[in-house]
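S.K.: Here is my input, please return the structure:
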Amino acid sequence: MLALLGAGLAALGYYYHQSLEQQSRLGAAYAARIGCSCHYLDGRDLGSCRADLEPGMQLLTISADEDSKSVTARVPGLASQTASWRRGWGCVLDKWED
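M.R.: Predicted coordinates:
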């Protein structure tokens, strides 16, 4: 009985971890895109750009790479996504790594 309960908990943990990882990737992509547009198109600093993120996204960090004109958003230990400014295209998400 105890082994069955342990297996059930392990399966639930795996399911929710996958869901949490996918939601984190989506949140990081959103934050990278918004941060990139705010910083490189509006000319605002990243501290100001954080205010444009949805409530509940305090765990995300955003950082800019001025040389490559990109913004990377991270959910620690779960996901990272980068959006880069491209002339004529604006801010575009980099290819997702699976």
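S.K.: how close does Val92 sit to Ser80?
M.R.: For Val92, the distance to Ser80 under the criterion C-beta to C-beta, to the nearest Å works out to 16 Å. All C-beta atoms are positioned from the backbone trio N, CA, C, and that covers glycine.
S.K.: out of those two, which sits in the more crowded spot?
M.R.: Remark: of Val92 and Ser80, Ser80 carries more neighbours, 17 against 14, as counted by other C-beta atoms under 10 Å.
S.K.: Now do the longest strand anywhere in the chain, average pLDDT.
M.R.: Among the elements of type strand in the chain, defined by DSSP state E, the one spanning the most residues is strand 79-86. Throughout strand 79-86, pLDDT has a mean value of 95.
S.K.: Closest to the centroid, which residue in the protein?
M.R.: Ala28 (0.8 Å; C-alpha atoms, centre = their mean).
S.K.: next structured bit after the helix or strand containing it?
M.R.: Using DSSP states H and E, the secondary-structure element containing Ala28 is helix 2-36. Towards the C-terminus, the helix or strand next in line after helix 2-36, according to DSSP H and E, is helix 46-49.
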